[in-house]
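S.K.: Take a look and give me a structure for this.
(one chain, ligands or ions: 1)
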Amino acid sequence: MVTRKTVWIGTNWKMNKGPAEALAAAEALKAYRAPDGVKPFIITPFTSLQAVASVLKGADVLVGAQNMHWEESGSWTGEISPGMVKECGADIVLIGHSERRQHFAETDWTVSRKMSAALRHGLRPLLCIGESLEEYDFGVTAETLSRQLKIALHDVAHADLPNILIAYEPVWAIGAGGRAADTDCVAKVHAGLRAVLCEIAGKDIGDRVPLLYGGSVTQDNARSYVSQPNVDGVFVGRAGWSVPDFEKLIERVIEERAPA
Ligand code: PEP
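M.R.: Take a look at the predicted model:
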């Protein structure tokens with residue numbers, strides 16, 4: 001029997017779906033049975049996190065938050081603490097999404113603080129890294145990603161690294177104006193990320209950190225990414241916002257799972 005690698009497939013709902021719509025989507029996903037070796041997850045807005053997590057408790061679809069603060073509590077108006085995210089029932093927390101870096105002054109330093117805070121609270125951080133179009137054009141993608149990765153993981157114990165997820169999301173590939181990265185480009189970048197992880201924590205650990213690709217992933221191109229040796233899944237926005245589309249995406253991806 002061929003052993004297959006575990007494949008992570010997640011969707012970030014971003015600022016979409018109020019509580020009623022989110023709850024309906026969670027109810028629709030509740031009975032979904034993920035194929036063996038596939039880990040589906042949804043990243044919800046804060047306003048529906050608790051309700052969605054409660055509906056999906058024990059289901060095959062994991063639930064995550066889109067952001068959190070690194071402090072336990074205090075005078076941080078408008079922020080949500082790691083403990084609050086955990087108490088809402090989240091399994092995962094998104095950290096460093098490019099839209100937060102771009103529009104909300106998220107920095108490598110705040111990302112780093114959030115990574116260790118999430119792990120302290122038993123949350124699985126999903127770290128997003130990615131170069132801007134300008135950095136891509138200047139040919140400094142590898143340097144940019146290596147810097148983002150090393151700072152984000154600076155305070156993370158090596159033993160915790162297999163419990164995190166990393167999504168490579170080139171900024172120029174994300175959203176309505178984005179264009180999907182070529183499979184060859186993703187394969188090369190992910191091989192470079194794997195090398196950095198092995199440099200940080202040694203090969204035994206570095207090889208076990210799941211690396212996802214995100215940015216204009218569709219039902220048509222998803223398979224080609226996941227068939228690359230260092231791509232352990234896809235992280236999507238638009239392609240997963242409707243439940244039937246999300247389920248179809250999973251089906252399409254597993255048609256071409258690479259051996260472990
Ligand atoms: C994202 O924002 O993380 C993303 C991958 O979006 P999209 O799939 O819509 O490009």
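S.K.: Quick check: the residue of the stretch 101-250 of the chain nearest the ligand.
M.R.: Of all residues in the stretch 101-250 of the chain, Gly237 sits closest to the ligand, at 2.6 Å by Cβ to the nearest ligand atom. (Each C-beta comes from the backbone N, C-alpha and C, glycine too.)
S.K.: List, one by one, the residues from the chain near the ligand.
M.R.: Listed as neighbours of the ligand in the chain under the rule Cβ under 6 Å from any ligand atom: 12, 169, 174-175, 178, 214-217, 235-239.
S.K.: and the least confident of those?
M.R.: Across the residues of the chain next to the ligand, the smallest pLDDT goes to Gly175, namely 92.
S.K.: burial count for the closest residue to that one other than its chain neighbours?
M.R.: Among residues not flanking Gly175 along the chain, Gly237 sits closest, at 6.8 Å (Cβ to Cβ, 6 or more residues apart in numbering). Counted with other Cβ atoms under 10 Å, the neighbours of Gly237 add up to 23.
S.K.: quick one, what contacts Gly237?
M.R.: Thr11, Asn12, Lys14, Ile174, Gly175, Gly214 (Cβ atoms under 8 Å, 6 or more residues apart in numbering).
S.K.: Most neighbours of all those residues, which one?
M.R.: Gly214 (29 neighbours).
S.K.: Got phi/psi on the residue nearest to that residue when sequence neighbours are not counted?
M.R.: Nearest residue to Gly214 in three dimensions, chain neighbours excluded: Phe235, at 3.6 Å (Cβ to Cβ, 6+ apart). Here is the backbone geometry of Phe235 (degrees, to the nearest 10): phi -120, psi 120.
S.K.: now do Val63
M.R.: phi -130, psi 140.
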